Structure formats: structure tokens, C-alpha cells
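Got a sequence here, can you build the structure:
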Amino acid sequence: MATKLDRVLDLLRERGVDFFTSNFELPAFNSIFVEIPRSKLSEFSGKGVVTRRQLHAIASELGAETGCQIEFVVNGDSARHAYAQALKDVLSRRLGRGEYGVMISFLSGDKCDVWVDARKSPQAITEHDVRDLIEKFLSALGVAAGNLYLLVPEVRQPNDMEILRALKIKAPLNVGALKIELLAGKDVPIDEKWLNAKLDGLRKKGLVSRIGAGKYLLTEQALGLVPVSRSRRSLDISRALELARRKW
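Residues are numbered from 1 along each chain as shown. I've put the predicted structure just below:
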């Protein structure tokens, strides 16, 4: 049975693009990469050569037909390989020694497209961590960032009820303090931008109010939604103990 990669290569041959040197698939990104010799890339269309514009059009057309992302990479580009290896080293140093899949392409012209699979990182990291590191890496090289495609370890972020519980006990809290409460005893990264967005969503639902100094507390509606237990560890008792600690 023909694979998606076989199908893509057949479609390329039908369009006269039969000079690819190698090809491979990254199933995690639902992407297929096709390498073409630099000598076949031209500023003007002609027999046996192709322009960047034509490649973008072909990639879009084939992507629609196959349901996957088609990426053309110029073979013989020493900078691409050097940058990819350097980025792997940087990721390993900053995010922990692990296996990082890195792919870089300059087909977009002066911008650099990057694919990073960081799912085997030994540390709990967020997409924001990886994106920030890549952008700083490219900036240091004087290269503009194009499209960034990232895969990071799946981490269960706090849900709405966990956020509301933390606010019921400790409110009023700003985003930084709330993040600390949610992280207590957990090795889970929480991006403050993500948490800000969650709080904004809860505010629009009428469950959270924002007061001075960027602090948040529950609305009367939310107070009735957060479950109350009769046990010694109930939220109401925890809230009373917290208020007592603040007083004394």
C-alpha cells in the first residue's frame, strides 16, 4: 500500500519536479520534507529548474491533496545544517540533556522556519519556553524567525476549578502569587500568559473579579460553585486559617 510520502513523490513527478535528492516524513508534525539541489533553484522559471514561488504553490497544492504539510528544503545549504546542530546544543544545555529533533529551512527567503520536537526533554517545559529560546537563538545569529513548529511534553495544566479553589483560599492574589499557589508541590510549568488568559476567561464568565494592583478574587457566583466539604481540610476551614495567619 502506498504511503503518503510515496503519493507526494508521485504527484511531484507528475508536475515535472523529479530532481529531489532525498525525502523523509515527520509524522509527529504531519509534515513531509523534500530536498532539492541548490542548482535546481532559480530566480526565473525554466526547464529543469524551479523558483521559490513555484515551490510554495506546489507545496500548497499537494498539501490540499494529501492532507499533510509539504516542505521543500534546499540541499547543500551548509548554514542550515550548522544552525540545526547549534540549536540542538543550545536546547540540550538550556532545557536538559535529552533528544531534540531539529529541522531548519531557509526556503522562505530571508526568514528561517524551524521545527523542534522537544517531547523527550527531561524537564517540564512549555511551548513558550522553547519558542522564546529559538527566537533568542535566531536573533543572536541575525536571522529573522519565520514559522516555528513545536512539540513539547504533554502537561496537565490547572483546570478552572483548581484555579477557583486556590483563589477561594488565598484571594486576593495577583497572577504571580496565584501561579505559586498552583505550583505548590507540583513539578508542572505554568506560563503566566496562559494563566492570564484563563483568568480573563473566568472573569468573562462572571466567576472572577479583578481589583486594584492586578489582584483577583472570586465573585459571589463563584463562591457558590466551589464545593464545600465538612472535613477538617475543607476550603472554608483552609480560608479561615489563612486569614488568621495574615492577622497574626
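
what sits against the nearest residue to residue 144 once chain neighbours are set aside?
Setting aside the residues directly before and after it, residue 144 is nearest to residue 111 in space (Cβ to Cβ, 6 or more residues apart in numbering), at 4.7 Å. C-beta here means a position set from N, CA and C on the backbone, and glycine is covered the same way. Under the criterion of Cβ atoms under 8 Å, 6 or more residues apart in numbering, the neighbours of residue 111 are 143-146.

Can I get these in TSV including pLDDT and secondary structure?
Listed next are the contacts of residue 111 as TSV, based on pLDDT from 0 to 100; DSSP: H, G, I helix; E, B strand; the rest coil:
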residue	pLDDT	secondary structure
143	82	coil
144	86	strand
145	86	strand
146	85	strand
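
List only buried entries from those residues.
Listed as buried from the contacts of residue 111 are 143, 145-146; burial here means 16 or more other Cβ atoms under 10 Å.

Geometric centre of this structure: which residue is closest?
Residue closest to the mean C-alpha point of the chain, counted by Cα atoms, centre = their mean, is residue 127 at 3.6 Å.

Kindly provide the distance from it to residue 159.
If you measure residue 127 against residue 159 using Cβ to Cβ, to the nearest Å, the figure is 19 Å.

Now do the buried residues in the helix or strand hosting residue 55.
Taking DSSP states H and E as the criterion, residue 55 maps to helix 52-66. Residues of helix 52-66 classed as buried: 54-55, 58-59, 62-63, 66 (neighbour count, 16+ other Cβ under 10 Å).

swap in stretch 30-37?
Counting neighbours by 16+ other Cβ under 10 Å, the buried set in stretch 30-37 is 31-36.

if we take those residues, which one ends up nearest to residue 115?
Nearest to residue 115 among the buried residues of stretch 30-37 is residue 31, at 7.1 Å by Cβ to Cβ.

show me the residues around residue 182 that make contact.
Shown here is residue 182, whose contacts under the criterion Cβ under 8 Å, 6+ apart are 158, 162-163, 166, 190, 195.

Could I have the buried ones of those as PyMOL selection syntax?
Burial among those is assessed by 16+ other Cβ under 10 Å; the matching PyMOL selection reads:
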select buried, resi 158+163+166+190+195
